[in-house]
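Trainee: no FASTA, just this:
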């Protein structure tokens with residue numbers, strides 16, 4: 001082969017190799033085989049939310065956001081917009097991914113003071129942990145035991161309509177924490193299933 005022809009071929013081959021190895025449209029989460037598309041990722045910076053009840057504040061790997069209209073395609077009753085005019089707010093699905101955390105608080109026994117957050121899901125109960133409308137939330141299992149679900153609080157401390165919750169969904173070695181408003185809390189089993197399906201079918205490293 002003529003040397004003048006070989007050099008361009010070598011350069012082209014190297015350029016293609018760099019493109020294959022150096023480019024990526026997803027980010028691997030820790031040492032797992034879960035990769036989140038770059039287009040969904042948010043910039044967390046160096047800060048992280050401190051949450052009570054756990055033995056330590058875990059490393060936050062990544063945070064992502066899925067537009068409400070995309071979520072509604074899979075969950076039609078997911079409410080993606082609140083209010084109107086200057087008070088209009090949107091509710092994309094925000095998810096923070098951490099390592100699974102060890103809960104150090106005792107799970108409360110059944111109590112008449114439980115707060116039921118969802119009519120379609122009466123197994124979702126809250127146990128008020130302080131006088132400022134903050135609840136640790138648990139799911140009652142078929143054997144009547146309770147597993148930790150997340151926590152809820154009053155967003156504006158005035159009406160039930162402003163309750164804001166954070167769901168802690170354990171998947172494999174990770175914890176997927178997502179915010180859910182009172183208007184969407186009835187949909188949490190479907191949101192859980194939506195995230196599980198994303199992990200199983202779309203967010204695997206290739």
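Mentor: Everything's here; your move. None of the values given here were measured: they were computed from a predicted structure.
Trainee: next secondary structure element downstream of the helix or strand of the chain with the lowest mean pLDDT?
Mentor: Every helix and strand of the chain was ranked by mean pLDDT, DSSP states H and E. The lowest is helix 3-22, at a mean of 35. As assigned by DSSP states H and E, the chain's next helix or strand after helix 3-22 is strand 26-28.
Trainee: can you get me a residue count around residue 122?
Mentor: 10 (other Cβ atoms under 10 Å). C-betas here are computed from N, CA, C, even on glycine.
Trainee: let me see the contact set for residue 99.
Mentor: 30, 58-59, 61, 173-175 (Cβ atoms under 8 Å, 6 or more residues apart in numbering).
Trainee: of the residues you listed, buried ones?
Mentor: 61, 174-175 (16 or more other Cβ atoms under 10 Å).
Trainee: for those residues, give me JSON lines that also has distance to residue 77 and secondary structure.
Mentor: Below are the buried ones among the contacts of residue 99 laid out as JSON lines (distance: Cβ to Cβ, whole Å; DSSP: H, G, I helix; E, B strand; the rest coil):
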{"residue": "61", "distance to residue 77": "30", "secondary structure": "strand"}
{"residue": "174", "distance to residue 77": "27", "secondary structure": "strand"}
{"residue": "175", "distance to residue 77": "25", "secondary structure": "strand"}
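Trainee: one step back: most widely separated two among the contacts of residue 99?
Mentor: In those, the most distant members under the criterion Cβ to Cβ are 59 and 173, with 12.4 Å between them.
Trainee: same question for stretch 177-196, mean pLDDT?
Mentor: Here stretch 177-196 scores 94 as its mean pLDDT.
Trainee: can you pull the buried residues of that stretch?
Mentor: Result for stretch 177-196 [16+ other Cβ under 10 Å]: buried residues 177-188, 190-191, 194-195.
Trainee: ok, residue 91 - how many residues close by?
Mentor: For residue 91, using other Cβ under 10 Å, the count is 18.
Trainee: isn't it right up against residue 184?
Mentor: Yes. In terms of Cβ atoms under 8 Å, residue 91 counts as a neighbour of residue 184; the distance is 6.6 Å.
Trainee: wait, residue 140 touches residue 125, no?
Mentor: Yes. Using Cβ under 8 Å, residue 140 makes contact with residue 125 at a distance of 6.3 Å.
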